[in-house]
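[1] Structure of the sequence below:
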Amino acid sequence: MPDSQDPKQVSNDLRNSQFGGGLINAGTVNAGRIGGDIYNIHLGQQTVTSGNSIQSQNQRQRSQSERDLLEKAYTLQSQKVANLRTALIIETDVSRKFQYEQQLQAEEHTLNELGGKLDVIEQQLQAADNSRVEAYTTIYIERPPIEQKCYKAIVQPGALIRIKAPQRMGKTLLLEKILDHARHQGYETVKLDLKLADNSTLTDLKTFLHWLCVNVSDSLDMNDLVDEYWQDSLGLNTSCTRYFQRYLLSNIDSSLVFAIDNFERLFEYANIFSEFCLLLRSWYETAKQGDRMGKIWKKLRLVVVNSTEAYPTLDINRSPFNVGLAIELPEFNQQQVQEMAKLYELGGYFGEEGLSQLIKLVGGHPYLLNEAIANLKNQETSLEELISLAPTEQGIFSYHLRQQLESLQSDSQLKEGYAKVIAVDKSVQLNPEITFKLHSLGLVKIVRNDCIASCDLYRQYFLARLE
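    Presented below is the predicted three-dimensional model:
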């Protein structure tokens, strides 16, 4: 490049050039008209819901369409940047190398902008999706005798309650009811959501137990004195036990309900999972003792919530999953669906046939039913239109269905297994691990050793996409 040429005037359009002395064609670098309509997507159209407002179905469809365009643009731009980086490496001409460096900076900036816009629209879609459920968080449908069993168990010294069910079946809502009942008894309560534990927290057992102790201290509005009670020479589980026994439990006058939600997060961290399970089991067993230590640990009540049955292999004597009260949440029956409609003030909306059509579509799945009835409550669509569009990208479940599709597409074995399930009208036997993973996603019901699609909505939607 001549010395007199202003670097700022170097063209970013190299579509007539060749890179690396002709080794790469410029056409492969220019990934198309990224800067046109696809790139200039206006997020100003997006509306983040606040309070109890719910984003309209049409707006959510527009949001999803814009996200799809952004994803395509991001993919094209990523390829464009990758090609430029390759060209920069193999190019030997100094002046052309400078040109490529200038264009690469510009294209990387464009890529970052696209990524930022994609993140924003994903967050907005998630907020909209959550608001549809949160708008009616006061609505709770009881599934007798489960609630009374839990209320009775939680007041027992040293109690352990284990709640399991597929995703979005109401586990966390039940947990909140239990904690509310405990607070009415004058108990202290702490809820720890393991989804909030980032990857750095789960690097090793010590880091995880430190994080746990600090979070429990904060929840109880007590000072963090972990370092004062922690002694590595005693062992990690012993140090954690020491902190609970000598500090937390000894300085609480009432009982303490310690609830751990989304416990399945630990299943993939074998080095933490087995030792932490042993720790919980030891606390449960210690509470049975009649000595001074047993008296202290009787204050603690544990509630463990998870969304799968497929636990890593554990010695039965080290596991908290074969003691205490086991609760498995079932789907809603017809009477409970009617109760939900009544609480939404839609008791007279459904005839017997209409209710049967809705149950046929989504089964007794609490989340799907809540989505449908909330939509009807807000008069966003008719029942007939809702059922007709449900298994399509235009339906009210499209975001949820896309999430489920992504889970299947990220694991080829899950995808192949579920394709077999929905291809026939009878139960299918799969590898146990695949069965349990599909069950944890709520995609199948387990019948003895076999499984079937959990509802007609999933069967219709995935038959068109898992070919």
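[2] Which positions in stretch 102-120 come out as buried?
    Residues of stretch 102-120 classed as buried: Gln102, Gln103, Leu104, Glu107, Thr110, Leu111, Leu114, Lys117, Leu118 (neighbour count, 16 or more other C-beta atoms under 10 Å). Backbone N, C-alpha and C define where each C-beta goes, glycine included.
[3] With stretch 207-224 instead?
    Here stretch 207-224 shows Phe208, Leu209, His210, Trp211, Leu212, Cys213, Asn215, Val216, Ser217 as buried, counting by 16+ other C-beta under 10 Å.
[4] can you list contacts of it?
    Stretch 207-224 has contacts (C-beta atoms under 8 Å, 6 or more residues apart in numbering) with 188, 190-192, 197, 200-202, 225-226, 230, 236-237, 239-240, 243-244, 247-248, 251-252, 256, 258, 272, 276, 279.
[5] quick one: average confidence on that stretch?
    The average pLDDT for stretch 207-224 rounds to 97.
[6] And the longest helix belonging to the chain, what does it pack against?
    Longest helix in the chain by number of residues, with DSSP state H as the criterion: helix 94-134. Judged by 3 or more C-beta pairs under 8 Å, 6 or more residues apart in numbering; DSSP states H and E, helix 94-134 is in contact with helix 57-90, helix 366-377, helix 398-409.
[7] Endpoints of stretch 315-333, how far apart?
    36 Å (C-alpha to C-alpha, to the nearest Å).
[8] Centre of the chain to that stretch, how far?
    Stretch 315-333 sits 21 Å away from the centroid of its parent chain (C-alpha atoms, centre = their mean, to the nearest Å).
[9] For that stretch, buried residues please.
    Neighbour-count burial for stretch 315-333 [16+ other C-beta under 10 Å]: Ser319, Pro320, Phe321, Gly324, Leu325, Ile327, Leu329, Glu331, Phe332.
[10] Other residues contacting it?
    Outside of stretch 315-333, the residues within contact range by C-beta under 8 Å, 6+ apart are 141, 143, 146, 149-150, 153, 159-165, 169-171, 174, 274, 277-278, 280-281, 284, 302, 304, 311, 314, 340, 363-366, 369.
[11] Equivalent analysis for stretch 339-348, please.
    Residues outside stretch 339-348 that contact it (C-beta under 8 Å, 6+ apart): 136, 139, 141, 332, 338, 349-350, 355, 369-370, 373-374, 376-377.
[12] Can you give me the first-to-last residue distance of it?
    Using C-alpha to C-alpha, first and last residues of stretch 339-348 are 11 Å apart.
[13] Check the offset of it from the chain's centre.
    Distance of stretch 339-348 from its chain centroid, counting by C-alpha atoms, centre = their mean, is 29 Å.
[14] Equivalent analysis for stretch 181-201, please.
    For stretch 181-201, the distance to the chain centre is 17 Å (C-alpha atoms, centre = their mean).
[15] In CSV, list the C-alpha atoms belonging to it.
    Presented in CSV, the C-alpha positions along stretch 181-201 are these (Å, rounded to 0.1, in the frame of the first residue of the first chain):
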residue,chain,number,x,y,z
HIS,A,181,-45.9,-24.2,56.2
ALA,A,182,-42.5,-24.4,58.1
ARG,A,183,-42.4,-20.7,58.6
HIS,A,184,-45.8,-20.8,60.1
GLN,A,185,-44.4,-23.2,62.7
GLY,A,186,-41.8,-20.7,63.6
TYR,A,187,-39.0,-22.4,61.8
GLU,A,188,-36.1,-20.8,60.0
THR,A,189,-35.9,-21.6,56.3
VAL,A,190,-33.2,-21.6,53.7
LYS,A,191,-33.6,-22.4,50.0
LEU,A,192,-30.5,-23.1,47.9
ASP,A,193,-31.1,-23.3,44.1
LEU,A,194,-28.2,-25.3,42.5
LYS,A,195,-28.9,-23.7,39.2
LEU,A,196,-27.4,-20.6,40.6
ALA,A,197,-24.1,-22.4,41.2
ASP,A,198,-21.7,-21.4,38.3
ASN,A,199,-19.1,-23.7,36.9
SER,A,200,-16.3,-22.2,39.0
THR,A,201,-18.3,-23.1,42.1
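[16] what pLDDT, on average, does that stretch get?
    For stretch 181-201, mean pLDDT is 96.
[17] What residues of it count as buried?
    Per 16+ other C-beta under 10 Å, stretch 181-201 contains these buried residues: His181, Ala182, Tyr187, Glu188, Thr189, Val190, Lys191, Leu192, Asp193, Leu194, Ala197, Thr201.
[18] Not counting residues beside it along the chain, what's closest to Tyr458?
    Counting by C-beta to C-beta, 6 or more residues apart in numbering, Leu443 is the residue found nearest to Tyr458 once chain neighbours are left out, at 5.8 Å.
[19] need the contact list for the one you found.
    Gln404, Leu408, Tyr418, Val421, Ala453, Ser454, Tyr458.
[20] quick check: angle from the helix or strand where the last one lies to helix 398-409?
    Pointing back at Tyr458 there. Using DSSP states H and E, Tyr458 falls within helix 456-463. Helix 456-463 and helix 398-409 meet at an angle of 60 degrees, taking axes from the mean of the first three to the mean of the last three C-alpha atoms, to 10 degrees as the criterion.
[21] can you pull the contacts of the residue nearest the centre of the chain?
    Centroid check for the chain by C-alpha atoms, centre = their mean gives Lys195 as the closest residue, at 7.8 Å. Neighbouring residues of Lys195 by C-beta under 8 Å, 6+ apart: Asp261, Asn262, Arg265.
[22] and the first one, what does it touch?
    What that stands for is Asp261. Lys171, Thr172, Leu175, Lys191, Leu192, Asp193, Leu194, Lys195, Val305.
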